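Trainee: my questions concern the predicted model and sequence given below.
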Amino acid sequence: MVAIYYYEEDSTQMTAPHDSGKAVRAEELRSLGVFYDHLTPEKVEDLAVERHYKNRDYITLDSASFPGGESALNEKLDIFFTEHIHEDEEIRYILDGEGYFDVRDGNDRWIRARVEVGDMLILPAGIYHRFTLTDKKYVKALRLFKDEPKWVALNRSEETEVNPYRKEYKTEFKV
Ligand SMILES: CSCCC(=O)/C(O)=C/O
Ligand SMILES: [Fe+2]
């Protein structure tokens, strides 16, 4: 089951919990446009239809099986953990293992959701976020895409500040 809390910056590695001890309620996440639920795979399918998702892929992040081995996995994790936005909404559903999604709140603080099997997050287009594994270093997830099954991340920069999807997100959620 998910744990949601404010992230605490410290000197531990990125797969550590970084738990500040300040819990965040799912309703607070909703005010940022982020939806969390614990669902069966069947319910995720219903949601995908309701929200007009057309494509999907499955991703496994695991040092034992990742193509190219541990160094390739670490490169991928560096990409996922670099703060970014997407220009489309994304659904992520955890099929096995666990991971951390971090999203920025309206004061630019990180909120961390520790997700495991059956947890689902919907992240709106334009929200700054990132992902990493826990110390177990293993996750299998279903990724749903509204259109093309491609993963394009725009790393936070002066350009993303004026990106139309970012601006729309800021207007809609008043952040
Ligand atoms: C467990 S899903 C992998 C990470 C990802 O797809 C994403 O969008 C991170 O921001
Ligand atoms: Fe992302």
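Mentor: Received it, and whenever you're ready, just let me know what you need. Residues are numbered from 1 along each chain as shown. Ligands and ions are numbered 1, 2, ... in the order given.
Trainee: how close does the most centrally placed residue in the chain get to G68?
Mentor: Geometric centre of the chain, nearest residue: F101, 4.1 Å, by C-alpha atoms, centre = their mean. Distance of F101 to G68, given as C-beta to C-beta, to the nearest Å: 24 Å. C-betas here are computed from N, CA, C, even on glycine.
Trainee: check F173 too.
Mentor: Separation of F173 from G68 (C-beta to C-beta) stands at 38 Å.
Trainee: circling back to that earlier point, quick one: the residue nearest to the centre of the chain is in a strand?
Mentor: Yes: the assignment for F101 by DSSP: H, G, I helix; E, B strand; the rest coil puts it in a strand.
Trainee: would you map the helices across the protein?
Mentor: 26-31, 41-50, 69-80, 158-161, 164-173 (DSSP state H).
Trainee: quick one: closest of those to ligand 1.
Mentor: helix 69-80 (4.7 Å; C-beta to the nearest ligand atom).
Trainee: residues of the closest one that come out buried?
Mentor: Across helix 69-80, burial judged by 16 or more other C-beta atoms under 10 Å covers L73, L77, F80.
Trainee: which residues does the closest residue to the second one other than its chain neighbours contact?
Mentor: Of all residues beyond its chain neighbours, the one nearest L77 is T132 (6.0 Å), with distances taken as C-beta to C-beta, 6 or more residues apart in numbering. Contact criterion C-beta atoms under 8 Å, 6 or more residues apart in numbering gives M14, T15, L77, F80, F81, G99, Y100, D102 as the residues in contact with T132.
Trainee: the third one against M14, yeah?
Mentor: Yes: the pair L77 / M14 is scored as a contact, 7.4 Å apart, by C-beta atoms under 8 Å.
Trainee: F173 and G68: which is more packed in?
Mentor: Using other C-beta atoms under 10 Å as the criterion, F173 and G68 rank with F173 on top: 16 against 10.
Trainee: which residues of the chain lie near ligand 1?
Mentor: I59, F80, E90, R92, G99, H129, F131, V139, A141, R143, W151 (C-beta under 6 Å from any ligand atom).
Trainee: buried sites along stretch 136-148?
Mentor: Of all the residues in stretch 136-148, those buried under the rule 16+ other C-beta under 10 Å are K137, Y138, V139, K140, A141, L142, L144, F145, K146.
Trainee: quick one: furthest residue from the center of the chain?
Mentor: Max radial position in the chain (C-alpha atoms, centre = their mean) goes to G68, at 23.5 Å.
Trainee: the strands in the protein, which residues?
Mentor: Taking DSSP state E as the test, the strands found in the chain are 3-7, 19-23, 35-38, 55-62, 84-85, 90-104, 110-116, 119-123, 129-133, 138-145, 154-155.
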